[in-house]
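S.K.: coords below, sequence missing:
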């Protein structure tokens, strides 16, 4: 159980790091300073890769712990917690609750970031369309169409 608990602590720390990296990514997105966006996304991907590797370690440790107490292959954390005595019962339940809470936070933040990225893309596309770069409207069938426009546009490129 001790090996499993150590891996669970590591996984919790990694999930906290993921939450931090997602918040960093959100700040970059919200500020509109896209210079750091690729780096922020790369850091999120790096933490996700480390979490995937740690999940394999956790799975192996959970199987070993389950075998030691007579449970079958691939037990849930809750099943393990319900099958052991104190202090492991409380420790494993605490891990379970912490995972549920941080997973909820990570999903909410990832959804918010996805919305920011989508709205940024939409805004950039609309700006380009207004400058005559690509389709500027939609036809009756919903397809993008270019509209001939003889107006002159003044663009302040210093922005």
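M.R.: Received, thanks. What you are looking at is a predicted structure, and each value in this text was computed from that prediction instead of being measured.
S.K.: ok, which stretches of the protein are strands?
M.R.: The residue ranges that make up the strands of the chain, judged by DSSP state E, are 137-138, 144-145.
S.K.: so residue 98 touches residue 11, yeah?
M.R.: No: contact between residue 98 and residue 11 fails when scored by Cβ atoms under 8 Å: they sit 9.6 Å apart. Yep, even glycine has a C-beta here, placed from its N, CA and C like the rest.
S.K.: more neighbours: these two, which one.
M.R.: A direct count of neighbours by other Cβ atoms under 10 Å for residue 98 and residue 11 places residue 11 higher, at 20 against 16.
S.K.: now that one. Nearest residue, chain neighbours left out?
M.R.: Ranked by Cβ to Cβ, 6 or more residues apart in numbering and with sequence neighbours excluded, the top spatial neighbour of residue 11 is residue 54, at 5.1 Å.
S.K.: then residue 12?
M.R.: In space, and not counting its chain neighbours, residue 12 is closest to residue 98: 5.6 Å by Cβ to Cβ, 6+ apart.
S.K.: from the chain's centroid, how far away is the longest helix seen in the chain?
M.R.: Among all segments of the chain classified by DSSP state H, the helix with the greatest residue count is helix 88-130. If you compare the mean C-alpha spot of helix 88-130 with that of the full chain, they lie 5 Å apart, counting by Cα atoms, centre = their mean, to the nearest Å.
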